[in-house]
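J.: Build the 3D model from these lines:
(chains A and B)
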Amino acid sequence: MSTRFPTFQNVEIRESLLNWRLLAAVGLFVVLALYPAVTGNAYHTRLLAWMMCFAIAALGFNIVLGYTGLLSFGHAAFFGTGMYTVVIVMNATGITDLLVLVVLAMIAAGVVGAIIGALSVKTHEIYFALLTLALAQLLYVLAVRDVGGLTRGTDGIGVSRPDFFGVPVSELSATVYLVGFYYYVILTFLAATIVALWFVLRSPFGLTLKMIRENETRAEMTGVPVLRYRLYSMILSATVVGLGGALYAIVVGHITPEYLDWTMSGEIVFMALLGGIGTFLGPVIGAGGFILLQELALAYTEYWHFTMGLVLFVIVLTLREKGVWGGVKTLATRVADRRDDQ
Amino acid sequence: MSTQPVLETQNVRKEFGSLVAVDGVSIEFHTDEVVGIIGPNGAGKTTFINLISGALPLTDGSIVFNGEDISTLRKYKRVRKGLVRSFQIPQIYDEMTVFENVQSSVLSRKQENNRLFTPVHRDTESVEETDRLLTMFNLGDHADEHTEHLPHGVRKVLDVAMSFALRPEIMLLDEPTSGVGSREKNAVMQTITEAAVEQDIGLVFIEHDMELVRSYSDRIVALHEGRVLADDDPANVMESEEVNQFILEGGV
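T.: Reported below is the predicted structural model:
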């Protein structure tokens, strides 16, 4: 598995493997980047944009579940906060620059993460899940009740298209805006998130989170302030999920409180489980798989919830925490081993 | 023996409801000695270590480390000051390699948990130190293995190695050889005591095997029903009438 350390003898093998993986990743991004231009298919582009927003959110969620080992059922709060921040700031202050809005949304989600984290990191397992669920539902209720007149209740708020560094891209038609500009913004943010988290989670900080997941007693007896690091991981996770939400707000164009609801949290958990929480890239695969599956299931049957449940049931039962991505990796290793044997 | 004790418990007391587990224990520990703690089951040995490491709050008394009262200090802060313990049941990270297990201790000792963006395997300093520790504790062969399937004896040694990586001033070992095969017990104790002498670490260990206690301790503390029965040279303790009556003949 990828958590192994290279030993000094096979550094070269390791490096070339890394390059091979890097090449595959770059290749995938090139394909993603060319897809809208080559096909010109607005429906597919929109679907891909949707997948990439949730891929960012699932990656962020996996920091808490896959690395620190905490099952949160309240991540809709961070996703929704990211979405609402974009539209509320835009309407209240007249700021229309995309990057400013996204950064503000990340900060807002991080603050909500700090608050929910501070109230919940002392609890464990099922209590943590229930507490995060309850705290996130509070936010949902506030949005539904339209407290402070910010959210316009269940009617929701429409989002207008932001500009980019003073360039009035918002004047483009909706389809051109998405296919010609916004799609690439999301793609860039996804790439940046993957690269940043790849380094962060392999750093001593990432190792510290894994220590807490594996054995809290030992981590504490190694001099690690466990609660503080759990809080850090919640804040980092919330910020990344908030980024996903902020980007998604502009894709959907209309925000309702359902994005703060617990079913949204459930979907994020589902994506991470589907792709594999024990792997770094699993959540990305999971987000894509989830949305694709949902589209397919919706097209062929009205019992799409049942279909999704069945798939998750089979995946979790057969592949456990490794998910689809972990399963593929295991298979690839086995094939490679067999080839070596021959 | 150095005159200034590194660790001192003053009239330490712990009650669980009406049960008095540790009943006013005052002992001094130094960095240049190996102290064996003996006593029958229920004598309060593990509770005593839990009190010192902060796993349990004191009912009464105080704990002084390097002249500073640490009685209410948080667990991780005691560790950072140089007061480290290992566990009777190995507490290690299962889904990580042996190498990562030890390196995590090295990095935590240097308080580098906050470092972002440097991959851990590129951090030459901690990688080299981890390699040295693995060699020292004969764990090199297992370096790249995940720990969950390792034999119990190896897990036990790893637990101790992780504590050593913290470079403590004093180390508390709760039955370092429990579950280790009888032939390996001496080798394990040998490794631990040699490493401790080399790095000037004071050792305190709980042990049921009287042969081991006799061979490796500079001083023995005998506990019985939460009180200190004897605290003296191994020879004197082993010959003490009370110790013989309550502990040695009791068939620990």
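
J.: how long is stretch A:61-77 from one end to the other?
T.: By Cα to Cα, to the nearest Å, the extent of stretch A:61-77 from end to end equals 12 Å.

J.: Report the contact partners of the nearest residue to residue A:276 once chain neighbours are set aside.
T.: Closest residue to residue A:276 apart from its sequence neighbours, by Cβ to Cβ, 6 or more residues apart in numbering or on different chains: residue A:323 at 2.5 Å. Bear in mind the C-beta positions are built from the backbone N, C-alpha and C, glycine included. By Cβ atoms under 8 Å, 6 or more residues apart in numbering or on different chains, residue A:323 lies in contact with A:272, A:273, A:274, A:275, A:276, A:277, A:278, A:279, A:282, A:285, A:286, A:315.

J.: repeat that with 10 Å
T.: Listed by Cβ atoms under 10 Å, 6 or more residues apart in numbering or on different chains, the contact set of residue A:323 reads A:66, A:271-279, A:282-283, A:285-286, A:289, A:312, A:315-316, A:329.

J.: Filter these down to the buried ones, PyMOL style.
T.: Listed next is the PyMOL selection for buried residues among the contacts of residue A:323, using 16 or more other Cβ atoms under 10 Å in any protein chain shown:
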select buried, chain A and resi 66+271+272+273+274+275+276+277+278+279+282+283+285+286+289+312+315+329
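
J.: near chain B, which residues of the stretch 151-300 of chain A?
T.: Along the stretch 151-300 of chain A, the residues adjacent to chain B under the rule Cβ under 10 Å from any Cβ of the partner chain are A:196, A:198-229, A:232, A:236, A:278.

J.: Just the buried residues of those.
T.: With burial judged by 16+ other Cβ under 10 Å, the buried subset of these is A:198, A:200-216, A:218-227, A:229, A:232, A:236, A:278.

J.: Just the ones in strands from those, please.
T.: Of the positions in these, not one sits in strands, assigned by DSSP state E.

J.: show me where the stretch 1-150 of chain A has strands.
T.: Assigned by DSSP state E, counting those that start in this stretch, the strands in the stretch 1-150 of chain A number zero.

J.: The stretch 51-200 of chain B now?
T.: Under DSSP E, counting those that start in this stretch, the stretch 51-200 of chain B gives strands at B:60-65, B:68-69, B:83-85, B:170-174.

J.: Next, the angle from the last one to strand B:60-65.
T.: Between strand B:170-174 and strand B:60-65, the angle formed by their directions is 130 degrees, by axes from the mean of the first three to the mean of the last three Cα atoms, to 10 degrees.

J.: Neighbouring strands of strand B:170-174 in the sheet, and parallel or not?
T.: Strand pairing for strand B:170-174, determined by DSSP bridges: strand B:83-85 (parallel), strand B:202-206 (parallel).

J.: Serialize those to a markdown table and add fields for mean neighbour count and distance to residue A:152.
T.: As requested, the strands paired with strand B:170-174 are exported to a markdown table (neighbours: other Cβ atoms under 10 Å in any protein chain shown; distance: least, Cβ to Cβ, whole Å):
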| stretch | mean neighbour count | distance to residue A:152 |
| --- | --- | --- |
| strand B:83-85 | 26 | 57 |
| strand B:202-206 | 24 | 66 |
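
J.: And those strands: which comes nearest residue B:20?
T.: strand B:202-206 (19.1 Å; Cβ to Cβ).

J.: one step back: is it fair to say the residue nearest to residue A:276 lies in a strand?
T.: No: under DSSP: H, G, I helix; E, B strand; the rest coil, residue A:323 falls outside any strand and is assigned helix.

J.: what's the distance between it and residue A:256?
T.: From residue A:323 over to residue A:256 the distance is 30 Å, taken as Cβ to Cβ, to the nearest Å.

J.: same check, this time on residue A:90
T.: Counting by Cβ to Cβ, the gap from residue A:90 to residue A:256 is 17 Å.
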